[in-house]
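*Asks:* the sequence isn't on hand, but the structure is:
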Ligand code: UD1
Ligand code: UDP
């Protein structure tokens, strides 16, 4: 069986890393296509280096464009590679434009697609991710749902049960595989002069938040209020999109918020694991906070990770400064008794074994 893995952005590299490791361990015939959707060192190469991942066989160097142009350029180039490489199966993970392009190129060539992290829905079609994951779930041949809830969503949309496999999310594998290594190899708290449990970790990058001045301003005002009350610094890892928009809107980072360039995965894991609470609009970080038992306040009105709300690790706060402040008050002393709903850390092995079995049956 020849597998082709398509990746393109920071979260895909991190969440695919356990799959890549599983392929290496089993000496499978696989190759990787990197679309180059993310390309800055801190959003891309740092993860290959730190997580000791092999380089992609093909780097398409697509870079940043409008949605249509970016997806179209990827589609054209991926198709050419698939024609040459003729894989039996293409694996994609998540909901980015790279995932959409990888899936479209493959299905049109009648190459089987496995969608990892399938069945997530925010029911907010304004989000490019919701558009992408909905299309991909209905085109893919094998759907690797992280939870029973995700499976239920797919069944509700008419996806045949035989295509769905509940495997857990590979983010748990990534956290378990890297947390101990982080303890031994990096010290971001020392680097930033932070005290354990005495700071908040923050990220924001969703276009529906940061591309709108009022919402971005609202979040920054919320951070200011939090610092005024709790007197603990907020460490804000600034995504390149957010950096660009803060500049365009001429906004100021408030007192008490330490803005930093994106950091490596080991450093970010350590930052998350030692923080008092996490504020984010990221998908992966809502999951990681739940796995690491750090309370989370999500800077959105909805989430495609409702398992975190049910578990009690996360609440939705939107971008209104008063509501963000109140939400932190509610969560800051949360009892960390919840169970991680995203699996046991063996999702990648499970997914690869399912792919092997399916192949044997064909
Ligand atoms: C993309 C994904 C989003 C995912 C996020 C992870 C889509 C539609 N969006 O959003 O689902 O959560 O990645 O971080 O696929 N930029 C750089 N360097 C880079 C990459 C981007 O400077 O390496 C800047 C550029 O100004 C670019 C902007 O960030 O225009 C946005 O990048 P893009 O890949 O279009 O979307 P993300 O917001 O990163
Ligand atoms: N992350 C990182 N360094 C940072 C910020 C985030 O390594 O400075 C990791 C984080 O641990 C998580 C992933 O990036 O695994 C989340 O990516 P992002 O928020 O960009 O995308 P999303 O999950 O929302 O698609």
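*Replies:* All right, it came through fine. From a predicted model like this one, the values you see are computed outputs, not experimental measurements. Residues are numbered from 1 along each chain as shown. Ligands and ions are numbered 1, 2, ... in the order given.

*Asks:* tell me where the stretch 1-150 of the chain is predicted with low confidence.
*Replies:* For the stretch 1-150 of the chain, applying pLDDT under 70 flags no range at all.

*Asks:* what does it put close to ligand 2?
*Replies:* Within reach of ligand 2 by Cβ under 6 Å from any ligand atom, the stretch 1-150 of the chain has these residues: 10, 11, 14. To be clear about C-beta, it is placed using only N, CA and C from the backbone, and glycine gets the same treatment.

*Asks:* can you get me a residue count around the last one?
*Replies:* To tie it back to what came earlier, the one meant is residue 14. Using other Cβ atoms under 10 Å, residue 14 is surrounded by 24 other residues.

*Asks:* now the strands for the stretch 201-350 of the chain?
*Replies:* Using DSSP state E, counting those that start in this stretch, the strands of the stretch 201-350 of the chain run over 234-237, 257-260, 277-280, 296-298, 314-316.

*Asks:* name the residues that touch the last one?
*Replies:* In this case it means strand 314-316. Contacts with strand 314-316, where a contact means Cβ atoms under 8 Å, 6 or more residues apart in numbering, come from 286, 289-290, 295-298, 300-303, 305, 308-309, 327, 330-331.

*Asks:* give me the buried subset of the residues you listed.
*Replies:* 286, 289-290, 295-298, 300, 303, 305, 308-309, 327, 331 (16 or more other Cβ atoms under 10 Å).

*Asks:* now those residues in a markdown table, with pLDDT?
*Replies:* Supplementary listing: the buried ones among the contacts of strand 314-316 in a markdown table, determined by pLDDT from 0 to 100:
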| residue | pLDDT |
| --- | --- |
| 286 | 98 |
| 289 | 98 |
| 290 | 98 |
| 295 | 98 |
| 296 | 98 |
| 297 | 98 |
| 298 | 98 |
| 300 | 98 |
| 303 | 98 |
| 305 | 98 |
| 308 | 98 |
| 309 | 98 |
| 327 | 98 |
| 331 | 98 |
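
*Asks:* can you list those residues in JSON lines and add distance to ligand 1?
*Replies:* Output for those, formatted as JSON lines (distance: Cβ to the nearest ligand atom, whole Å):
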{"residue": "286", "distance to ligand 1": "12"}
{"residue": "289", "distance to ligand 1": "16"}
{"residue": "290", "distance to ligand 1": "17"}
{"residue": "295", "distance to ligand 1": "22"}
{"residue": "296", "distance to ligand 1": "16"}
{"residue": "297", "distance to ligand 1": "18"}
{"residue": "298", "distance to ligand 1": "14"}
{"residue": "300", "distance to ligand 1": "12"}
{"residue": "303", "distance to ligand 1": "13"}
{"residue": "305", "distance to ligand 1": "13"}
{"residue": "308", "distance to ligand 1": "16"}
{"residue": "309", "distance to ligand 1": "19"}
{"residue": "327", "distance to ligand 1": "22"}
{"residue": "331", "distance to ligand 1": "23"}
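
*Asks:* which one of those sits closest to residue 52?
*Replies:* Nearest to residue 52, judged by Cβ to Cβ, of the buried ones among the contacts of strand 314-316 is residue 289 at 25.3 Å.

*Asks:* buried set for stretch 64-84?
*Replies:* If you call a residue buried by 16+ other Cβ under 10 Å, then stretch 64-84 has these buried ones: 70, 71, 72, 73, 74, 75, 77, 78, 79, 81, 82.

*Asks:* and if you look at stretch 50-67?
*Replies:* Within stretch 50-67, the residues scored as buried using 16+ other Cβ under 10 Å are 50, 51, 53, 56, 58, 60, 62.
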